[in-house]
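Novice: Return atomic coordinates for the entry below.
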Amino acid sequence: MDAHRLLLELHVDEAELARRRAAWTPPAPRYTSGVLAKFAALARPADEGALSG
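Specialist: Numbering: from 1, shown residues only. The predicted model follows:
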């Protein structure tokens, strides 16, 4: 990582990245009931406008 040049380099080959992507599963939700569970289910990420659905 080079903060001055705004550079982040990943020294992992494409085959390893593909293997990691194939093995990845999303984590279980932290909240399964209550207000925080409802918020987590309805809120969108900031890059999607962060609006609830």
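Novice: Next one: residue 39 from residue 18, what distance?
Specialist: Separation of residue 39 from residue 18 (C-beta to C-beta, to the nearest Å) stands at 34 Å. C-beta here means a position set from N, CA and C on the backbone, and glycine is covered the same way.
Novice: got it, and residue 36?
Specialist: For residue 36, the distance to residue 18 - C-beta to C-beta - is 35 Å.
Novice: for the protein, what's the longest helix?
Specialist: Across the chain, the helix with the greatest residue count (assigned by DSSP state H) is helix 14-23.
Novice: Show me what it is packed against.
Specialist: Here helix 14-23 touches no other helix or strand, going by 3 or more C-beta pairs under 8 Å, 6 or more residues apart in numbering; DSSP states H and E.
Novice: Off-centre distance for that helix?
Specialist: 16 Å (C-alpha atoms, centre = their mean, to the nearest Å).
Novice: Would you mind listing the buried residues in it?
Specialist: For helix 14-23, the neighbour count (16 or more other C-beta atoms under 10 Å) marks no residue as buried.
Novice: just the strands in the protein please.
Specialist: Assigned by DSSP state E, the strands in the chain number zero.
Novice: Kind regards, and thank you for your time.
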